[in-house]
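Visitor: Everything below, folded, please.
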Amino acid sequence: VRGIRRVLACRPVRRLLLFGWLVPVCAVAPEALAAPYASHIGQPVRVTGFLLMGIPAGTVVADLIAARMLTSRLQRRIIVPAGLLTFVPLVGFAASPRLGLALALLIISGLGSAWGAGQDGLLIAAAPEELRGRALALSSAGLMFLQGVGFAFWGLAGQFAPVTAVIPAAAAAGILVVLLLRPRAR
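Guide: Prediction:
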């Protein structure tokens, strides 16, 4: 607990952690609502699997490009544009896109996960040397926990509002997070 407090006491690290936690909290909404969305567009339950593969497919491509082909400097420069790319396509769910277009929007959203490569580099650079291991561990633990919370939150929201409103609302919240907590390269 003392180590966590020390990591969170470092303002630049805290900001990066919040960014790295809250962006995925908002980005998980389409996955949390994949089954209700499939039903909404008149598709059988088995289509849920196709919707669930969209964001991970885009993420794999983004990881290959960002981690393997971009310099560290460029990785850091694309954090905000890539973060926004995560959410802008999700606004399109307000129009109830059919399966093909919905899948394309999810793949494009997954491409936005390229922000993670630069984020990791900034976190390592921002954390004092003696706290780097703890900062990275806290980043991963917080990510796993908060993604679960986000999944539950957006799923619950889908019980009270149409999925065509909840997914765009998550996108709007994500855009706000990206703009308010945008990391600043050193």
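Visitor: what about the residue most central in space within the chain, which helix or strand?
Guide: Taking CA atoms, centre = their mean as the criterion, Pro24 is the residue nearest the geometric centre of the chain, at 2.9 Å. Using DSSP states H and E, Pro24 falls within helix 11-27.
Visitor: after that helix, next one along is what?
Guide: Per DSSP H and E, the first helix or strand lying C-terminal to helix 11-27 is helix 29-32.
Visitor: hmm, who's touching the helix or strand that that following helix is followed by?
Guide: Next along the chain after helix 29-32, taking DSSP H and E as the criterion, comes helix 34-40. With contact meaning CB atoms under 8 Å, 6 or more residues apart in numbering, helix 34-40 is reached by 30, 44-45, 47-48, 51-52, 93, 96, 99, 102, 158, 162-164, 167. In short, each C-beta sits where N, CA and C put it, glycine included.
Visitor: OK, contacts around Leu111?
Guide: Gly58, Thr59, Val61, Ala62, Ala82, Leu85.
Visitor: ok, the second one touching Ser113?
Guide: Yes. Under the criterion of CB atoms under 8 Å, Thr59 lies in contact with Ser113, with a separation of 4.4 Å.
Visitor: Please say which of the two ends up with more neighbours.
Guide: Comparing Thr59 with Ser113 by neighbour count (other CB atoms under 10 Å), the higher total belongs to Ser113, at 24 against 20.
Visitor: Tell me which residues of the helix holding Pro24 come out buried.
Guide: Across helix 11-27, burial judged by 16 or more other CB atoms under 10 Å covers 13, 15-27.
Visitor: Which parts of the protein are helices?
Guide: Ranges of helices within the chain are 2-9, 11-27, 29-32, 34-40, 48-69, 72-77, 79-87, 99-111, 115-126, 132-160, 163-181, based on DSSP state H.
Visitor: Please work out which of those helices is packed deepest.
Guide: Among the helices of the chain, helix 29-32 has the highest mean neighbour count (mean count of other CB atoms under 10 Å), at a mean of 25.
Visitor: Between its first and last residues, how far does stretch 89-104 reach?
Guide: Distance between the two ends of stretch 89-104: 9 Å, counting by CA to CA, to the nearest Å.
Visitor: let me fix that: stretch 154-173
Guide: First-to-last residue span, stretch 154-173, CA to CA: 12 Å.
Visitor: mind showing which ranges of this structure have poor pLDDT?
Guide: Low-confidence segments of the chain, defined by pLDDT under 70: 185-186.
Visitor: Try it again at 80.
Guide: 1, 184-186 (pLDDT under 80).
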